[in-house]
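Peer 1: Prediction below, plus the sequence it came from.
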Amino acid sequence: MQQIDWIILTVTLLFIVVYGVWKTKGSQNVEEYILGNHDTPWHVVGLSVMATQASAITFLSTPGQAYHDGMGFVQFYLGLPLAIVVICYTFIPIYHRLKVYTAYEYLEQRFDLKTRTLASLLFLVQRGLGTGITIYAPAIVLSAILGWNLTWLIVVIGVLVIIYTVAGGTNAVNVTQKHQMFVIFLGLIIAFFLILHLLPNDMSLSNAMHIAGANHKMEILDFSFDPETRYTFWSGITGGFFLALSYFGTDQSQVGRYLSGKSVRESQMGLIMNGFLKIPLMFFILLIGVMVFVFFQFNPAPVNFNPNNKALVEHSAYKKDYEALELKMNQLSEEKKEINLIYIDHLNQNYDNPILRKELVALSSKENDLREQARELISKADEKSETNDKDYVFIYFILHYLPQGLIGLLLAVILSAAMSSTASGIAALASTTAIDLYKRNLKSEKSPKHYVNATKFFTIVWGIIAILFACMGTLFENLIQLVNIVGSLFYGTVLGIFLVGFYLKRIHANAIFWATVICQLLIFYIYYIDVVGFLWLNFIGAVLTMLLAWLLEITIYKNTKKIPLE
């Protein structure tokens, strides 16, 4: 990184923090601090919802996911628009009518205190883990690529977020996320067109996509019914629907964003905005990853993108074997470049040469073999090392091939995304702790200012917990998958509670409480034995919770008396 990159990165991040503190400090009551005084316009609600979901993991992992596996990951989001419709029709009107601060307040009014507390605790566990991951994810990758100290990077990200979140609460989160999304959109658009510009011979987007298609990177929809296949049309429509329904409908990090809307209509419009834009945004980010793949068909790529792995092998007995693989990879890169250039010439003559397409597939297969051999050597050098390098692909491209200044901008994109999702996470954790646990169980009445200070205190506490968890984190196969797996372990069960509350009026508190406990344990077991892709856990958790609650209601708890909330 050059001086101009440091200037752009530092100025961007400091502006976001200082602006957030300056514009939003001075909340006098809980409604203003947690709900932004219900004064957020719909477009800010929409941007805030998008920024909360679009963490740094999205911009680090998703392009790498596409580089290795193609565009199929977009199927993960197919159920989202359907979920948004249900939330706008059912969830939002109920939350606004009851004037709740958190989603879990509704559960006490519909069921009882223990059900509200259980749902709150499940949320705190999964969101606490998820928030730690949103800090750890960019920190581990940036520290490996840039040589920055991992612990200090985690602390800096966490402290910056705590500063403006404590100062302004929900207003600060909303205001800063608006600017963070501007930085993110600008950075992604510039990166995409720069990749196209860096392709040889002024290659058109159409030709680039032909190359990607020849390497099976443009296979978007998979209609197979194999439950072990992670991303299919069916898992996206079902599991993705239930995951989105739970995430946007019951996760306080998202509910808090649209509860701050000026009205039911403003909240609905903001959420619908996210529903319209989310799939195109993820398609675009995946397409960037595919274009990075095309770029490396004409430029040398490392046999493993994680520099830590290369350093590890170079200090082991397998150094020469690894160097031999690197030499083969460089030779293969030259061969790929030559064949691809010929293929482009044929495309420019309107001829999609089937023989050359087969050669491209064969060369990609050879490259995958070399990468697999490299992973085996890395594992031999250290069996505890993470050999998967998906999360390092995009940042490697940024640092090695983008011009000065834009490196700083793209790093600002990654860190801005980390800060935005982390801010939403700790704000939601703090508000849930303050309202659903602290205030609800406090025996004496306190002043409005007391609860504001209590929420600020819990914001600091959860920020520190997230930092500590991030410092102790370990890299998984793919960071974006890890976040979604953690969510899928809990979201289905929590969603089941709300669906029973909204739609199954004859089911009462004891039945839903014990159904939730049993179902959550079963979900842990199902994931442990690994019989289905993790997306299906959302569907299974929701349906199983509802079914168990119904069975318990008509058997053990059939004489329970509780008037359901209308």
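Peer 2: Received it, and whenever you're ready, just let me know what you need. From a predicted model like this one, the values you see are computed outputs, not experimental measurements. Residues are numbered from 1 along each chain as shown.
Peer 1: C-alpha only now, for contacts and for neighbours.
Peer 2: Will do.
Peer 1: who's in contact with the residue nearest to Gly270 when sequence neighbours are not counted?
Peer 2: Counting by C-alpha to C-alpha, 6 or more residues apart in numbering, Gly46 is the residue found nearest to Gly270 once chain neighbours are left out, at 3.9 Å. Applying C-alpha atoms under 8 Å, 6 or more residues apart in numbering, we find Gly46 in contact with Met269, Gly270, Leu271, Ile272, Met273, Asn274.
Peer 1: Can you redo those residues as CSV, where the extra columns are distance to Leu287?
Peer 2: Formatted as CSV, the contacts of Gly46 follow (distance: C-alpha to C-alpha, whole Å):
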residue, distance to Leu287
Met269, 27
Gly270, 26
Leu271, 24
Ile272, 23
Met273, 21
Asn274, 19
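Peer 1: pLDDT on the strand or helix carrying Ser267, on average?
Peer 2: Taking DSSP states H and E as the definition, one finds Ser267 inside helix 264-295. For helix 264-295, mean pLDDT is 88.
Peer 1: Give the buried residues for that helix.
Peer 2: The neighbour-count criterion (16 or more other C-alpha atoms under 10 Å) identifies 264, 266-275, 278-279, 281-295 as the buried residues of helix 264-295.
Peer 1: isn't Thr422 right next to Val161, touching?
Peer 2: Yes. Contact criterion C-alpha atoms under 8 Å: Thr422 and Val161 qualify, at 7.1 Å.
Peer 1: By mean pLDDT, which helix or strand of the chain comes out lowest?
Peer 2: Least confident helix or strand, the chain: helix 30-35 with a mean of 66, by mean pLDDT, DSSP states H and E.
Peer 1: Quick check: next helix or strand after that helix?
Peer 2: Helix 30-35 is succeeded, C-terminally, by helix 42-53 (DSSP H and E).
Peer 1: need the next SSE after that following helix, C-terminal direction.
Peer 2: Next helix or strand after helix 42-53 toward the C-terminus (DSSP H and E): helix 56-69.
Peer 1: Determine how far that next one lies from the middle of the whole chain.
Peer 2: 11 Å (C-alpha atoms, centre = their mean, to the nearest Å).
Peer 1: Tell me which helix or strand comes right after it.
Peer 2: Counting by DSSP H and E, the next helix or strand C-terminal to helix 56-69 is helix 80-86.
Peer 1: ok, Gln180 - contacts?
Peer 2: Gln180 touches Ile16, Ala51, Val413, Ser416, Ala417, Ser420, counting by C-alpha under 8 Å, 6+ apart.
Peer 1: can you check Trp462 too?
Peer 2: By C-alpha under 8 Å, 6+ apart, the contact list for Trp462 reads Gly128, Ile426, Leu429, Ala430.
Peer 1: Touching, the third one and Thr459? I think so.
Peer 2: Yes. Using C-alpha under 8 Å, Leu429 makes contact with Thr459 at a distance of 7.4 Å.
Peer 1: Kindly indicate which of the contacts of Gly46 lies nearest Gln2.
Peer 2: When those are compared for distance to Gln2 (C-alpha to C-alpha), Asn274 wins out at 36.0 Å.
Peer 1: Find the nearest non-adjacent residue to that closest one, please.
Peer 2: Gly46 (5.5 Å).
Peer 1: ok so, going back, using a markdown table, lay out the contacts of Trp462 together with neighbour count.
Peer 2: Formatted as a markdown table, the contacts of Trp462 follow (neighbours: other C-alpha atoms under 10 Å):
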| residue | neighbour count |
| --- | --- |
| Gly128 | 20 |
| Ile426 | 31 |
| Leu429 | 27 |
| Ala430 | 26 |
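Peer 1: Give me the lowest-pLDDT entry from these.
Peer 2: The member of these with the lowest pLDDT is Gly128, at 82.
Peer 1: did I read that right, that one in a helix?
Peer 2: Yes. Counting by DSSP: H, G, I helix; E, B strand; the rest coil, Gly128 is found in a helix.
Peer 1: That one against Ala428, yeah?
Peer 2: No. In this structure, Gly128 is not within contact of Ala428 by C-alpha under 8 Å, at 9.8 Å.
Peer 1: Grab the CA positions of stretch 390-397 and hand them over as PDB.
Peer 2: C-alpha atoms of stretch 390-397 as PDB (Å, rounded to 0.1, in the frame of the first residue of the first chain):
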ATOM      1  CA  LYS A 390     -11.600 -18.700  -1.100                       C
ATOM      2  CA  ASP A 391     -11.600 -15.700   1.300                       C
ATOM      3  CA  TYR A 392      -8.200 -14.500   0.000                       C
ATOM      4  CA  VAL A 393      -8.900 -14.400  -3.700                       C
ATOM      5  CA  PHE A 394     -10.500 -10.900  -4.100                       C
ATOM      6  CA  ILE A 395      -8.100  -9.200  -1.600                       C
ATOM      7  CA  TYR A 396      -5.100 -10.700  -3.400                       C
ATOM      8  CA  PHE A 397      -6.400  -9.300  -6.700                       C
END
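Peer 1: can you give me how far that stretch is from the chain middle?
Peer 2: Stretch 390-397 sits 17 Å away from the centroid of its parent chain (C-alpha atoms, centre = their mean).
Peer 1: circling back: pick out the most distant pair among the contacts of Trp462.
Peer 2: Largest separation among the contacts of Trp462 by C-alpha to C-alpha: Gly128 and Ala430, giving 10.4 Å.
Peer 1: quick one: the helices in the stretch 301-450 of the chain?
Peer 2: All helices of the stretch 301-450 of the chain, identified by DSSP state H, counting those that start in this stretch, fall at 307-314, 319-348, 354-381, 393-401, 406-432, 440-441, 448-471.
Peer 1: Let's have the ones you listed in a markdown table, adding distance to Leu243.
Peer 2: Below are the helices of the stretch 301-450 of the chain laid out as a markdown table (distance: least, C-alpha to C-alpha, whole Å):
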| stretch | distance to Leu243 |
| --- | --- |
| helix 307-314 | 34 |
| helix 319-348 | 40 |
| helix 354-381 | 32 |
| helix 393-401 | 27 |
| helix 406-432 | 17 |
| helix 440-441 | 28 |
| helix 448-471 | 23 |
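Peer 1: Just say which of those helices is most tucked in.
Peer 2: The highest mean neighbour count among the helices of the stretch 301-450 of the chain, using mean count of other C-alpha atoms under 10 Å, belongs to helix 406-432: a mean of 28.
Peer 1: now for that helix, which elements pack on it?
Peer 2: helix 3-24, helix 42-53, helix 56-69, helix 113-146, helix 150-198, helix 252-259, helix 393-401, helix 448-471 (3 or more C-alpha pairs under 8 Å, 6 or more residues apart in numbering; DSSP states H and E).
Peer 1: And the ones you listed: which comes nearest Tyr491?
Peer 2: Judged by C-alpha to C-alpha, the one of these that comes nearest to Tyr491 is helix 113-146, at 8.4 Å.
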